[in-house]
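>>> Following is a predicted model, sequence given first.
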Amino acid sequence: MELDIWEEGVALKGLIDQAKDQAEIVDVSVSPSETPATPAVTAAGAAALARAMRAHATSTELAITTSAPPSPTQATTVPMCRVALLRLVWCPLSNFDFVDASVLEQFHRVGPKLAMEGRGSLEKMLMSCTRLEALTLSNCIEEGDDVKWLANALARLTRLSHLDLRCNYLEADRAETLAPALAQLTNVTSLDLGVNAFGAEGMQHLAPSLAKMTRMKELILQYNYMGTEGAKALAPSLAHMPQLTGLYLGENGMGAEGVQALIPMLPHMPLLTNVNIEVKSLGCEARAGVRKMLPNVRDVDLW
C-alpha cells in the first residue's frame, strides 16, 4: 500500500488512523499542506507519523517532503524498523530522530542546509547504515562547514554504488578532507560532485581517489571551475574507468590546453555514450577528431 499524506496535525493523525486496517504500508509520503501559510508537519503530525511507523513495522519506504521549520521541542523519534529507502526533501533533520536504520539501503536528502543538531542526527544515522548502497546529500552543507563528520561516515559506507554530493560548497579544503574517504569507495558506479566550485586545487586532491573507482559508469563534475590545471589532474584518473558511459565536465573553464590533456584518455573509455565537455576553444578540425574518437556516443554536447 502507498499512503500519501497532505494534511497536518490532527488531520494527519486521522488519515493514519484510517489506514490502520491495512495490512501493510509500503510507502509513507508526508508532503506539504496545500495551504502554504501553515507548516507541513506539526508536532502532532510528526508524533502521528512515528506512531504509524511503529504500528506498521513492515514499511519499506519513507518519504518526507516539508517546509516546516525546525521543531522547538525535542525531536520526534521515528523507528525505521525495516525501512530500506528514505527520502527527505527540504526536511529539517532536527525535527526527527531516525533510529534503527541498520537495514537502510538508500538515503536521499535534498536541502535545507544542515543545522548543528541536524548534522549530529545525520552523522549518527549514517554511521549505523552498513548496508547503504545509494546516498544523496544535495544542498545540505553550509559554506565554511567542517566536513570531517561526513568523511568519517563515508569511509564506512564501502557498499555505496551511487553517491550524489551536488551543490555542497565542497571547495578545495573540504575536497581535501573528503578525498581519503572517497578513495575507500571502490564500488561506486555513479558519482555526482557537480556545482561545488572546488577549482583546480580541489581536483588535484580528488583525482587520486577517483582513479581508484574503477567501476565508475557515470561521473558528473560540472560547474567546478577546475580550469586547465584541474583538467590535467583529472585526465590520468579517467584511464582507470573503462566502464564509463557518462562523462559530464561542462562549465569548468578548461581551455584548449585542458581539453587536449583529456583527449588521449578517450580511448580508455570505449563505452562512453553520453558526453558533456568544453571543446569550443578547439578548432573545427580538432573538434571533428574528438567526435571520431567517440564512436558509441548517442548524446554528445561538445561546446
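Yep, it's here. Numbering: from 1, shown residues only.
>>> ranges for the helices of the chain?
With helices called from DSSP state H, the chain shows them at 9-18, 43-55, 116-127, 148-154, 172-182, 199-210, 227-238, 255-262, 284-292.
>>> Low-confidence stretches in this structure?
Counting by pLDDT under 70, the chain contains low-confidence ranges at 1-81, 94-96, 116-117, 279-303.
>>> what does stretch 171-186 rub up against?
141, 143, 145-148, 150-152, 154-155, 157-158, 160, 163, 165, 170, 196-199, 201-203, 205-206, 208-210, 212-215 (C-beta atoms under 8 Å, 6 or more residues apart in numbering). (C-beta placed from N, C-alpha, C; glycine too.)
>>> scratch that, stretch 222-234 is what I was asking about
Contact partners of stretch 222-234, identified using C-beta under 8 Å, 6+ apart, comprise 193-200, 202-204, 207, 210, 221, 248-255, 257-259, 261-262, 276.
>>> Recalculate using a threshold of 6 Å.
The set of residues external to stretch 222-234 that reach it, using C-beta atoms under 6 Å, 6 or more residues apart in numbering, is 194-200, 203-204, 207, 248, 250-255, 257-258, 261-262.
>>> Buried subset of those residues as a PyMOL selection?
The buried subset of the contacts of stretch 222-234, as determined by 16 or more other C-beta atoms under 10 Å, is captured in PyMOL by this line:
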select buried, resi 194+195+196+197+198+199+200+203+204+207+248+250+251+252+253+254+255+258+261+262
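>>> What about residue 143, how many residues nearby?
The burial count assigned to residue 143 is 11, neighbours taken as other C-beta atoms under 10 Å.
>>> so how far is residue 167 from residue 158?
Distance of residue 158 to residue 167, given as C-beta to C-beta, to the nearest Å: 25 Å.
>>> Just want to know which of these two has more residues nearby.
Counting neighbours by other C-beta under 10 Å for residue 158 and for residue 167 shows that residue 167 has the greater number, 20 against 13.
>>> quick revisit: so how do I select the buried members of the contacts of stretch 171-186 in ChimeraX?
With 16+ other C-beta under 10 Å as the criterion, this ChimeraX line picks the buried residues out of those:
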select :141,145,147,150,151,154,157,160,163,165,170,196,197,198,199,201,202,203,205,206,209,210,212,213,215
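>>> OK, contacts around residue 205?
Contacts of residue 205 were listed using C-beta under 6 Å, 6+ apart, and they are 175, 176, 179.
>>> Those into CSV, with extra columns for neighbour count and distance to residue 238?
Output for the contacts of residue 205, formatted as CSV (neighbours: other C-beta atoms under 10 Å; distance: C-beta to C-beta, whole Å):
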residue, neighbour count, distance to residue 238
175, 23, 18
176, 18, 21
179, 18, 17
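>>> and of those, the nearest to residue 90?
Nearest to residue 90 among those: residue 175, at 25.6 Å, using C-beta to C-beta.
>>> now the closest one: how far from residue 129?
23 Å.
>>> cool, residue 136 as well?
Look at residue 136 and residue 129: by C-beta to C-beta, they are 13 Å apart.
>>> Repeat that for residue 215.
Distance from residue 215 to residue 129, counting by C-beta to C-beta: 20 Å.
>>> Not counting its neighbours along the chain, what's nearest residue 188?
The shortest distance from residue 188 to any residue other than its chain neighbours is 5.1 Å, reached at residue 213 (C-beta to C-beta, 6 or more residues apart in numbering).
>>> from memory that neighbour sits against residue 190, does it?
No. Between residue 213 and residue 190 no contact is recorded; they are 10.0 Å apart, counting by C-beta atoms under 6 Å.
>>> Run through the strands of the stretch 51-200 of the chain in chain order.
Secondary structure of the stretch 51-200 of the chain by DSSP state E, counting those that start in this stretch: the strands cover 61-65, 76-79, 85-89, 96-99, 106-110, 134-138, 162-164, 190-192.
>>> Nearest to residue 119, out of those strands?
Ranking the strands of the stretch 51-200 of the chain by proximity to residue 119 (C-beta to C-beta) places strand 134-138 first, at 10.7 Å.
>>> elements contacting that closest one?
Judged by 3 or more C-beta pairs under 6 Å, 6 or more residues apart in numbering; DSSP states H and E, the packing partners of strand 134-138 are strand 106-110, strand 162-164.
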